[in-house]
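Chemist: What follows is a predicted structure for the sequence shown.
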Amino acid sequence: MKNIKYLLLRRVTQIGLLVLYFGANAYGWNVLAGTFGSSLILGTIPLADPYTTLQVLATGFVLGADVLLGALIVTFFYFVVGGRAFCSWVCPINMVTDLANWLRRKLHLDKEEVNYRFLKRNARYWIMGLGLVVSAVVGIAAFEVLSPITIMQRGIIFGFGMGFAVLVAIFLFDLFGVKNGWCGHLCPLGATYSLIGKASLIRVDHNHEACTNCMACKVVCPENHVLHMVNKESIMVTNGECTNCGRCIDVCNDDALNFSIRNYFKEK
Amino acid sequence: MMANSDNNRRKFMATTLQSVGLTALGGLLWSGYSHEVKASPLVLRPPGAIKEDDFLSACIKCGLCAEACQNRETNIDKETGKAREGTLIMAKGGDAKLIGTPYFIPTQVPCFMCEDIPCVPVCPSGALDFASLANEKQALDINKARMGLAVVHKESCIAFWGIQCDACYRACPLLDEAITLEYTQNERTGKHAYLLPVVHDNICTGCGLCEQACVTEKPAIFVLPREVSMGRAGDHYVKGWDKKDQERVKDAKSQETTTEISKESAADYLNSGGEY
Ligand code: SF4
Ligand code: SF4
Ligand code: SF4
Ligand code: SF4
Ligand code: SF4
């Protein structure tokens, strides 16, 4: 049980949120309505996705105050809990890509390390910027046209239609194509939250003294370059690309990894 | 040492160039695709929707309008206590509309023109414009909605055949205003009257209740977006008998063109017996 604590908590959160969103449409619940693009808590507090908001602003449309306020609230929230906590605790696509990744390990598809020349992990930042440029040129929020995240979420709330194909495509890409292909290389939402998370307060802390160098953490981590300090230095994972998923903490049997609150004064 | 840093610099230049190039390629494909998917001129939007082009930029695809429509009090089935299917559909993949934006299909579920318009105030982005539906007292007035305009295809409308039908007329929430019945004599029988449905564009909201009510196999009356179903006479035609219409062109300057033919007066030209 110990080594799936955070995994379980995450699934409960992810699915719980989807149930609330679903109920808002199907049964008229008032707890959490809308979609990630923009939501409403208890009919009063607005939320909005920062990257979607930026795209709409890039088209030149002057957005309503509710969306702007909502985007600020969400940005602030993830600034505190760790930017990409959205990715591992909220985003439904995470369940698809985690499944692909798990199957990849089971099928030993990772034995052959392939070097993808064109696809680096920083591609997502280029895509993020490009999405804003294309939004400005074409006049519609460009990533929203393709976004598997909202397609999946709206699919669950309002019905899928052909949108299902996008999920299958991402699953296959992550399973047979590039390891962590979508979330770790392409997704501009993940990139936005990485930037927000660069400064976030809650982070994973490594205790080098306790580490037995088993490397279990690096095997499960979807962004394992962020764990460069493991068995080398007792410092925090400060890279914004860490999703705060806590899988590394789950699998560590030596209590060498734990969540902790960042102390800006201690870091020079 | 020198050679090494030179090498590094060259490598850096090459990868940068590659990234920029691939980004440009991606941008072109992406723009092209986005441009394609936004072209859906026959779509009907919720009440208060701003101009289609702006609507496509503005709508943040939250679905709050569709949820409000579905769960409005008037849509709860009294017997089962459950919500019926709402009017607004959130476009899915395969619907050939910009994905995630709300629209409706009158033959499935038309807009019932709710007096309190629950779908509009919830819109957080401004894609549905509260102000466009507000009357002098700053209260919402659904009669100001312009979702589309109904048009009648007279060849398939059985009223134009002389058969009595006023289903659309009776279904219209703006009874005897948006659709009126025009009486003319049926020359064929000599003793019956035609009761012809005529839509008035200054009143019709485009709710689609007429389309849903129409009795023909494929509705003879149907709602289209206003840009599609309305013509434009242009500035050349002025209603000389209408003071207001003359206002419109009071600053216009006349411009005369002289051609071979117009040198002579029209009457002379017709009387000259020439071939034309
Ligand atoms: S990277 Fe993108 S798709 Fe993956 S979990 Fe994060 S937001 Fe979702
Ligand atoms: S470092 Fe740990 S918490 Fe961060 S992404 Fe990797 S496994 Fe998850
Ligand atoms: S006015 Fe029309 S679209 Fe709006 S809630 Fe009522 S039925 Fe639905
Ligand atoms: S409420 Fe407004 S922003 Fe949200 S889906 Fe409807 S029209 Fe779009
Ligand atoms: S309901 Fe249809 S067939 Fe009947 S009068 Fe109206 S348009 Fe014509």
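Modeler: Cool, got the structure. Ligands and ions are numbered 1, 2, ... in the order given.

Chemist: where exactly do the helices run in chain B?
Modeler: B:2-37, B:52-58, B:64-70, B:167-171, B:209-213, B:226-229, B:243-247, B:266-271 (DSSP state H).

Chemist: Out of those, which gets the lowest mean score?
Modeler: The minimum mean pLDDT among those belongs to helix B:266-271 (a mean of 57).

Chemist: Is any residue of the lengthiest helix in chain A near ligand 4?
Modeler: Among the elements of chain A assigned as helix by DSSP H, the one spanning the most residues is helix A:5-26. No: judged by Cβ under 6 Å from any ligand atom, helix A:5-26 stays clear of ligand 4, getting no closer than 11.9 Å. All C-beta spots, glycine's among them, are computed from the backbone N, C-alpha and C.

Chemist: Show me which positions of that helix end up buried.
Modeler: Residues of helix A:5-26 classed as buried: A:6-7, A:10, A:14, A:17-18, A:20-26 (neighbour count, 16 or more other Cβ atoms under 10 Å in any protein chain shown).

Chemist: pLDDT (mean, whole number) over stretch A:157-166?
Modeler: On average, stretch A:157-166 scores 90.

Chemist: out of the helices of chain B, nearest to ligand 3?
Modeler: Between ligand 3 and those, the shortest gap by Cβ to the nearest ligand atom is with helix B:64-70, which sits at 3.3 Å.

Chemist: Provide a list of residues in contact with the residue lying closest to residue A:141 once chain neighbours are set aside.
Modeler: Computed as Cβ to Cβ, 6 or more residues apart in numbering or on different chains, the closest residue to residue A:141 that is not its neighbour in sequence is residue A:55, at 3.8 Å. Neighbouring residues of residue A:55 by Cβ atoms under 8 Å, 6 or more residues apart in numbering or on different chains: A:131, A:132, A:135, A:141, A:142, A:143, A:144.

Chemist: Farthest-apart pair in those, please.
Modeler: Using Cβ to Cβ, the contacts of residue A:55 span at most 12.1 Å, a distance reached by A:132 and A:144.

Chemist: The two: which has the busier surroundings?
Modeler: With neighbours defined as other Cβ atoms under 10 Å in any protein chain shown, residue A:132 and residue A:144 compare such that residue A:144 has more, 26 against 19.

Chemist: The more buried one contacts residue A:154, doesn't it?
Modeler: No: at 10.5 Å, residue A:144 does not count as touching residue A:154 under the criterion of Cβ atoms under 8 Å.

Chemist: Would you mind listing the residues touching both of those two?
Modeler: Residues touching both residue A:144 and residue A:154 (Cβ under 8 Å, 6+ apart): B:61, B:100.

Chemist: Verify the stated contact: residue A:166 with residue B:92.
Modeler: No: using Cβ under 8 Å as the test, residue A:166 is too far from residue B:92 to be in contact (10.9 Å).

Chemist: wait, what's in contact with whatever residue of the stretch 1-150 of chain A ends up closest to ligand 2?
Modeler: Proximity of the stretch 1-150 of chain A to ligand 2 (Cβ to the nearest ligand atom) peaks at residue A:88, 6.6 Å away. For residue A:88, the contact set (Cβ under 8 Å, 6+ apart) comprises A:10, A:94, A:243, A:244, A:245, A:246.

Chemist: Let's see the pLDDT reported for the closest residue to residue B:148 other than its chain neighbours.
Modeler: Once flanking residues are discounted, residue B:148 sits nearest to residue B:206: 3.0 Å by Cβ to Cβ, 6+ apart. Model confidence at residue B:206, expressed as pLDDT, equals 97.

Chemist: Please apply the same query to the one 10 residues further on.
Modeler: You'll see residue B:216 listed with a pLDDT of 97.

Chemist: For it, grab the count of nearby residues.
Modeler: 13.

Chemist: if I pick it, what's in contact with it?
Modeler: Here residue B:216 is in contact with B:156, B:157, B:158 (Cβ under 8 Å, 6+ apart).

Chemist: Among the residues you listed, the buried ones, what's the ChimeraX command?
Modeler: The buried residues among those can be selected in ChimeraX (16+ other Cβ under 10 Å) with this line:
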select /B:157
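
Chemist: Adding pLDDT, write the contacts of residue B:216 out as TSV.
Modeler: As requested, the contacts of residue B:216 are arranged in TSV below (pLDDT from 0 to 100):
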residue	pLDDT
B:156	97
B:157	97
B:158	97
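
Chemist: circling back to that earlier point, among the contacts of residue A:88, which one sits closest to residue B:127?
Modeler: Nearest to residue B:127, judged by Cβ to Cβ, of the contacts of residue A:88 is residue A:94 at 28.8 Å.

Chemist: To what extent is the closest one buried, counted in neighbours?
Modeler: Neighbours of residue A:94 (other Cβ under 10 Å): 25.

Chemist: Pretty sure it sits in a helix.
Modeler: Yes: assessed by DSSP: H, G, I helix; E, B strand; the rest coil, residue A:94 belongs to a helix.

Chemist: any idea how far it lies from ligand 4?
Modeler: From residue A:94 across to ligand 4, the span is 24 Å (Cβ to the nearest ligand atom, to the nearest Å).

Chemist: Same check on residue B:168?
Modeler: Taking Cβ to the nearest ligand atom, one finds residue B:168 at 28 Å from ligand 4.

Chemist: which residues of chain A score low on pLDDT?
Modeler: A:1-2, A:111-118, A:266-268 (pLDDT under 70).
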